[in-house]
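Undergrad: Model the structure of this input:
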Amino acid sequence: MRKPAVFLDRDGVLTREKSYVLRREDLEIFPYAEECIAQIHQKGYWAIVITNQSAVGRGMLAESELLKMNEMLYARIGVDGIFYCPHWDVEGTFCNCRKPRTGLIEKAMEEFDIDLEESFFVGDRASDIETGKNMGIRTVLLESGYGSGRLEKEIEADLVCKDLAEFTRII
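TA: Residues are numbered from 1 along each chain as shown. Below you'll find the predicted structure:
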C-alpha cells in the first residue's frame, strides 16, 4: 500500500546522542519513542530509520552488534525498517549510502511503496537535513540531539522541533 514515510535518523532522534554507541546495552531509547512511532503509524506513515553507522567501517563496532541494536529498535518501538551505512573511508570518497547522499532512502523505496511527495526526513544534524533536501522531501530538525546549536554547517530545515514527540503532535 502506497503511503508516505517519516524517515528518522537514529541517534538524537529515537535514541540519546552519545557519539559512538558500541554496545546494545548503551543504546538508550528515548522514553517517548515507542508512542511517537505509534502516532506516526496512526497518521498513515511508514516509520523508517536511516542512519550512518561508521563505527562498523572504522572497526570499532562489529556489524553483528549493530544488527542486535536494530533488532532492539524493531522490538521495542516498532519501526517498519532500518537502513544503515556501515562505511567509512578516511579519504572522503564515501559510498552512495552515507548521508547526505540518498542511497539509503532509495533502498527503502525498493522495499516500501513510498509516496515521497508527502514524506519527511527527521534528524538532528545538517547531514540529515541535506539528505531530505537531496531527495526533495520536507525536513525537520530536532533539538533532542545535536540540534541547531551544533550544526556542522549552516542549513535551514522546513521545521524545527524540540524532539520527536513535538513533531508527531503537529504532523
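
Undergrad: By residue count, what's the longest helix in the chain?
TA: helix 63-77 (DSSP state H).

Undergrad: and that helix, what other elements does it pack with?
TA: helix 33-42, helix 54-57, strand 81-85 (3 or more C-beta pairs under 8 Å, 6 or more residues apart in numbering; DSSP states H and E). Yep, even glycine has a C-beta here, placed from its N, CA and C like the rest.

Undergrad: Other residues contacting the second one?
TA: So that's helix 54-57. Residues outside helix 54-57 that contact it (C-beta atoms under 8 Å, 6 or more residues apart in numbering) are 20-22, 61-63, 66, 85-89, 98.

Undergrad: Could you do the longest one as well?
TA: Helix 33-42 is touched from outside by 6, 14-15, 47, 76-79, 164-165, 167-169, 171, with contacts defined as C-beta under 8 Å, 6+ apart.

Undergrad: Try it again at 6 Å.
TA: V6, L14, A47, I77, G78, V79, L164, A165, T168 (C-beta atoms under 6 Å, 6 or more residues apart in numbering).

Undergrad: I'd like those residues as TSV, with pLDDT appended.
TA: Shown next, in TSV, are these (pLDDT from 0 to 100):
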residue	pLDDT
V6	98
L14	98
A47	98
I77	98
G78	98
V79	98
L164	98
A165	98
T168	98
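
Undergrad: Show me those residues that map onto helices.
TA: I77, L164, A165, T168.

Undergrad: top of those residues by neighbour count?
TA: Neighbour tally across those (other C-beta atoms under 10 Å): the maximum, 26 neighbours, falls on L164.

Undergrad: Skip the chain neighbours and tell me the closest residue to it.
TA: Of all residues not flanking L164 in the chain, C36 sits nearest, at 4.6 Å (C-beta to C-beta, 6 or more residues apart in numbering).

Undergrad: burial count for that neighbour?
TA: 24.

Undergrad: what do you get for the one 10 residues further on?
TA: Number of residues near W46 (other C-beta under 10 Å) recorded here: 22.

Undergrad: need the contact list for it.
TA: A5, D80, F112.

Undergrad: Check G12 too.
TA: Per C-beta under 6 Å, 6+ apart, neighbours of G12: D124, S144, G145, Y146.

Undergrad: what does L22 give?
TA: M60, L61.

Undergrad: could I get the worst-scoring helix or strand of the chain on mean pLDDT in CSV with only the CA atoms?
TA: Here the helix or strand of the chain ranked lowest by mean pLDDT, DSSP states H and E is helix 54-57, holding a mean of 92. Provided in CSV are the C-alpha atoms of helix 54-57 (Å, rounded to 0.1, in the frame of the first residue of the first chain):
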residue,chain,number,x,y,z
SER,A,54,30.6,4.5,10.5
ALA,A,55,31.8,2.7,13.7
VAL,A,56,31.4,-0.5,11.8
GLY,A,57,33.7,0.7,9.0
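
Undergrad: Please consider this matter closed, and thank you.
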